[in-house]
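K.L.:
turn this into a model:
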Amino acid sequence: SMLALALWPGEAPPVTCAADGVMICGEQEVEMETEVLATRFVSLPTGVRLEYVEQGPSTGVPVIFLHGVTDSWRSFEPVLRRLPASIRAFAISQRGHGESSKPDAGYRYGNFSEDVRAFMDAMGLPRAVIVGHSMGSLVAQRLLGVEAVFASHVPLRVGLDLGADFAGARAAVASELAMA
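P.N.:
I've put the predicted structure just below:
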């Protein structure tokens with residue numbers, strides 16, 4: 001299962017559609033370059049070193065992709081190629097996965113969500129759209145906090161608003177991913 005959570009206050013971020021290497025910008029089609037993603041690493045104060053890839057402009061809407069159990073950032077590789085230029089995408093290999101560090105302990109959802117918060121801090125992201133697949137969706141939910149599921153408005157550090165703005169952002173991201 002896939003979960004897209006918009007951690008974005010106010011209006012949903014603007015996105016456009018992309019498919020088969022062509023991005024639709026209004027009425028104009030623009031060929032997208034297929035670039036090779038460079039694997040990077042970041043050491044976090046949580047004690048782990050995470051492997052990740054980044055794509056898109058620094059001014060784009062930040063979207064963090066969290067994979068499922070036994071996987072890595074590479075599970076999102078086909079999706080990354082089809083994202084619009086308005087997205088600043090980060091795909092992370094979570095602790096114990098891919099080329100990220102593999103500590104002897106610390107594999108609870110709370111540990112994974114602490115890593116995501118530390119990653120956001122390291123990347124200078126006060127807010128982001130979080131997309132999680134399988135285990136990644138549970139990490140995303142933990143990142144929000146259980147109480148956020150039942151609240152209509154929660155002033156979290158990442159700026160979560162579960163009202164109409166959240167629904168709009170969630171629908172926009174779901175629409176983008178469905179087309180990918």
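K.L.:
switch to C-alpha atoms for all contacts and neighbour counts from now on
P.N.:
Will do.
K.L.:
quick check, pLDDT for Gly168.
P.N.:
Predicted confidence (pLDDT) for Gly168: 52.
K.L.:
er, Leu80 I mean
P.N.:
With respect to pLDDT, Leu80 scores 92.
K.L.:
so which residues of the protein form strands?
P.N.:
In the chain, the segments counted as strands under DSSP state E are 2-7, 18-19, 22-25, 28-31, 40-43, 49-55, 61-66, 87-93, 128-133.
K.L.:
any idea how far the spatially closest residue to Ser100 that is not a sequence neighbour lies from Gln94?
P.N.:
Leaving aside its sequence neighbours, Ser100 sits nearest to Leu50 (CA to CA, 6 or more residues apart in numbering; 4.5 Å). Leu50 sits 6 Å away from Gln94, going by CA to CA, to the nearest Å.
K.L.:
tell me which of those two has more neighbours.
P.N.:
Applying other CA atoms under 10 Å to Leu50 and Gln94 shows that Gln94 carries more neighbours, namely 30 against 24.
K.L.:
from Tyr107, how far off is the more buried one?
P.N.:
Gln94 is 10 Å from Tyr107, by CA to CA.
K.L.:
likewise for Ser100?
P.N.:
In terms of CA to CA, Ser100 sits 13 Å off from Tyr107.
K.L.:
which of the two has more residues huddled nearby?
P.N.:
Ranked by neighbour count (other CA under 10 Å), Ser100 and Tyr107 place Ser100 first, with 20 against 13.
K.L.:
got the contact list for that one?
P.N.:
Taking CA atoms under 8 Å, 6 or more residues apart in numbering, we find Ser100 in contact with 41, 48-51, 93-94.
K.L.:
low-confidence regions, this protein specifically.
P.N.:
Counting by pLDDT under 70, the chain contains low-confidence ranges at 1-35, 146-180.
K.L.:
and the helices in the chain?
P.N.:
In the chain, the helices defined using DSSP state H lie at 77-80, 109-123, 135-144, 164-179.
K.L.:
once you drop chain neighbours, what's closest to Thr39?
P.N.:
Closest residue to Thr39 apart from its sequence neighbours, by CA to CA, 6+ apart: Val53 at 5.1 Å.
K.L.:
which of the contacts of Ser100 sits closest to Val79?
P.N.:
Val79 lies nearest to Ser93 out of these, by CA to CA, at 15.2 Å.
K.L.:
Gly68 contacts Gly136, doesn't it?
P.N.:
Yes. Here Gly68 lies in contact with Gly136, judged by CA atoms under 8 Å, at a distance of 5.2 Å.
K.L.:
perfect, that will be all.
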